[in-house]
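1. Model the following, please.
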Amino acid sequence: MNQEQMIQAVVKEVMASMGKAAAPTDGGVTQAQYPLGEKIPEKVFTPTGKNLNELTLDKVIKGEVTAEDVRISPQTLEMQAQVAESVKRDALAENMRRAAELIAVPDERLLEIYNALRPYRSSKEELYAIADELKGYGADKCAGFVREAADVYAARGRLKRD
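-> Numbers count the residues shown, from 1 in each chain. Modelled structure (predicted):
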């Protein structure tokens, strides 16, 4: 094959691949693997370690699949974040990563934190304590947001009045 034929072959290959999602080069997930449950179900696991393919109606009826088994895992949210990044949806990717941080926080506590973050519900010290608590769960990004909310509420007069 001469140089001109090689160039034509490369151009043809590039043109054929235009518009297709790129394959991950670092072991990540891209738009090509979305939706995850259809394209790569073997890589989707629940927080209890069950593979997506193991979640069947028959197993639910037999009691082999519980509510804990059908929750999303931090790893799945990370894959969703990678898909979002692959299509230049960086803000969505960061939301997915913050959600992944919060999986370790009990649902009841999340609702309490949500209510505490409403204007006039908490003092700056209470919000900082929540941020510290979130750091204890490994939710560093979320802790940063709570600290930022406390500072903004203080600047705007939105903290709890004693």
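
2. Only C-alpha atoms from now on, for both contacts and neighbour counts.
-> OK.

3. list the helices and strands the helix or strand hosting Ile113 packs on?
-> In this assignment (DSSP states H and E), Ile113 forms part of helix 107-116. Packing partners of helix 107-116 (3 or more CA pairs under 8 Å, 6 or more residues apart in numbering; DSSP states H and E): none among the helices and strands.

4. Need the CA coordinates for it. CSV is fine.
-> Output of helix 107-116 as CSV, limited to C-alpha atoms (Å, rounded to 0.1, in the frame of the first residue of the first chain):
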residue,chain,number,x,y,z
ASP,A,107,-31.9,8.5,54.4
GLU,A,108,-33.4,9.9,57.5
ARG,A,109,-30.3,11.9,58.2
LEU,A,110,-30.3,13.3,54.7
LEU,A,111,-33.8,14.6,55.1
GLU,A,112,-32.8,16.2,58.4
ILE,A,113,-29.9,17.9,56.6
TYR,A,114,-32.1,19.0,53.8
ASN,A,115,-34.4,20.7,56.3
ALA,A,116,-31.5,22.2,58.2
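
5. Break this structure down into its structural domains.
-> Recorded structural domains for the chain (assignment: automatic domain parsing) are 1-103, 106-162.

6. Grab the longest helix from this structure for me.
-> helix 140-156 (DSSP state H).

7. my read: Ser86 touches Gln31, true?
-> Yes: using CA atoms under 8 Å, Ser86 is in contact with Gln31, at 6.2 Å.

8. What lies in contact with the helix holding Ile113?
-> 121-122, 127, 130 (CA atoms under 8 Å, 6 or more residues apart in numbering).

9. Worst mean pLDDT among the domains of the chain?
-> By mean pLDDT, the lowest-scoring of those turns out to be domain 1-103, with a mean of 83.

10. ok so, going back, mind listing what's buried in the longest helix of the chain?
-> 140-144, 146-147, 149-151, 153 (16 or more other CA atoms under 10 Å).

11. Pull up the gap between the spatially most central residue of the chain and Leu127, please.
-> By CA atoms, centre = their mean, the chain has its centre lying nearest to Met96, at 2.4 Å. According to CA to CA, to the nearest Å, Met96 stands 23 Å off from Leu127.

12. try Thr66
-> From Thr66 to Leu127 the distance is 34 Å (CA to CA).

13. where exactly do the helices run in this protein?
-> Using DSSP H, helices in the chain cover 3-17, 36-39, 57-61, 74-86, 90-102, 107-116, 124-136, 140-156.
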